[in-house]
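>>> next input, structure requested:
(4 chains)
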Number of protein chains: 2
Amino acid sequence: MSARTRSLTHAHPTEVSLQDALDAVGDPVRRAILRELAGAPDWTRACGTFDLPVTKATRSHHFAVLRAAGLIEQRDEGPRRLNRLRRPEFDRRFPGLLDLILAEPATDQCGSA
Amino acid sequence: MSARTRSLTHAHPTEVSLQDALDAVGDPVRRAILRELAGAPDWTRACGTFDLPVTKATRSHHFAVLRAAGLIEQRDEGPRRLNRLRRPEFDRRFPGLLDLILAEPATDQCGSA
DNA sequence: TGATATGGTCGATGTTTATCGAACACTGTA
DNA sequence: TACAGTGTTCGATAAACATCGACCATATCA
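Predicted coordinates:
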C-alpha cells in the first residue's frame, strides 16, 4: 500500500450517481460483502476475513468499487485494511436501497457457507 | 407478433430475484422508459412513442427485460403494444427501489430531450 | 389485395467487466 | 535483515450484454 493508495482509501466521493450506486450493488459478490459488513461492528473486519468465492485480486477490485460508490470506508490498521459500512450516509443519498440488499438471503455462492 | 409472443407479453413472473430487478434497473435507457411510463396513465403509451436514443430492435429488447423483471405489463391494442407500469406490485416486492429510479433526473441521452 | 405502420427475431459486433495469476508494496516480527 | 501476512496493480482472458441492420409477422386501411 503506497501513500497515494492509502490517501484514496480515506477519500469518499461527495456525490455518487444513481448509476454508480446501482452498478456497485449489481454484483452478487459485492452484495455479500455488504451483508457481511452489516452484521459486524464498524472497523472490525479486514478485507481478507470475508467469506468470498474469489481470489484476493478480485476481492481487492470489489472493495475498490464499493469504496468509489460511497458504500464503504476503509482505514489501515497495521498490515490490514479495516472496513466500515457507510450506512447512514448511503441511506440518506439512496433511501431504501441498502435495506433491499441487506434483506436479500445469502446464496451458497457468496458468503455464509 | 406471433401468438406465442403475445401470450408471453401477458405473463409476468411470479417471483423476481433481486438480481433480475437490479439488472433491469441498471440500464439508463430502461430507467428512462420507467420514468416516461410513470408520467402517463396506464395503457396510454405504445412502445414506439418513447423518446429513446436507440433503434427499435434495441428498444424491443429493453421492453422485454422490463417485462421479465416484472416492472411493466403489456397489452396488444391493434398494431401497437400498450404498456403499464406495475408500480404497486413492484413496490410491494422491492420497496423504495422504483421511487429511487423515478426520482432520478432525466439525462440528455435518455428521454425528455 | 397491396401498402403502411408497429413491433419482434436473428446474427454479428463492440464494449464493458468479472476473473485470474504473477509481480509488487507495505507492515509487523523474528 | 529476512520472512510472513495483507492488500494492490498489471496484463490477459472470457463471458455478458447493449447495440445495430436486415428480415419477418401482424394489424389496419385504401
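>>> going by C-alpha atoms from here, please, whenever you check contacts or count neighbours.
OK.
>>> quick one: low-confidence ranges for chain A?
Of all residues in chain A, those with pLDDT under 70 make up the ranges A:1-13, A:111-113.
>>> got the residues of it near DNA strand D?
Within chain A, the positions lying close to DNA strand D (C-alpha under 7 Å from any atom of the strand) are A:1, A:5, A:46-49, A:56-61, A:63-64, A:79-82.
>>> in helices, which of these appear?
Among the residues of chain A next to DNA strand D, the residues falling in helices (DSSP state H) are A:5, A:56-61, A:63-64.
>>> I'd like the residues you listed as TSV, with neighbour count appended.
Below are these laid out as TSV (neighbours: other C-alpha atoms under 10 Å in any protein chain shown):
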residue	neighbour count
A:5	9
A:56	12
A:57	8
A:58	13
A:59	18
A:60	13
A:61	12
A:63	22
A:64	18
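>>> distance to residue B:88 for those residues - can I get that in TSV?
Output for these, formatted as TSV (distance: C-alpha to C-alpha, whole Å):
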residue	distance to residue B:88
A:5	45
A:56	42
A:57	42
A:58	38
A:59	37
A:60	39
A:61	37
A:63	35
A:64	35
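>>> ok, which of those residues also contact DNA strand C?
A:57-58, A:61.
>>> just the closest of these to DNA strand D, please.
Relative to DNA strand D, the closest of those is residue A:57; by C-alpha to the nearest atom of the strand it sits at 3.8 Å.
>>> what ranges does chain A have for its helices?
A:3-10, A:18-25, A:28-38, A:56-68, A:87-93, A:97-103.
>>> hang on, the earlier thing: name the nearest of the ones in helices among the residues of chain A next to DNA strand D relative to residue A:88.
residue A:63 (18.7 Å; C-alpha to C-alpha).
>>> give the full set of residues in contact with that closest one.
A:30, A:47 (C-alpha atoms under 8 Å, 6 or more residues apart in numbering or on different chains).
>>> for residue B:92, see how far away it is.
31 Å (C-alpha to C-alpha, to the nearest Å).
>>> ok, residue A:34 next?
23 Å.
>>> next: residue A:100.
In terms of C-alpha to C-alpha, residue A:100 sits 12 Å off from residue B:92.
>>> between these two, which one's more packed in?
Neighbours were counted for residue A:100 and for residue B:92 using other C-alpha atoms under 10 Å in any protein chain shown; residue A:100 has more, 15 against 9.
>>> okay then, goodbye and thanks.
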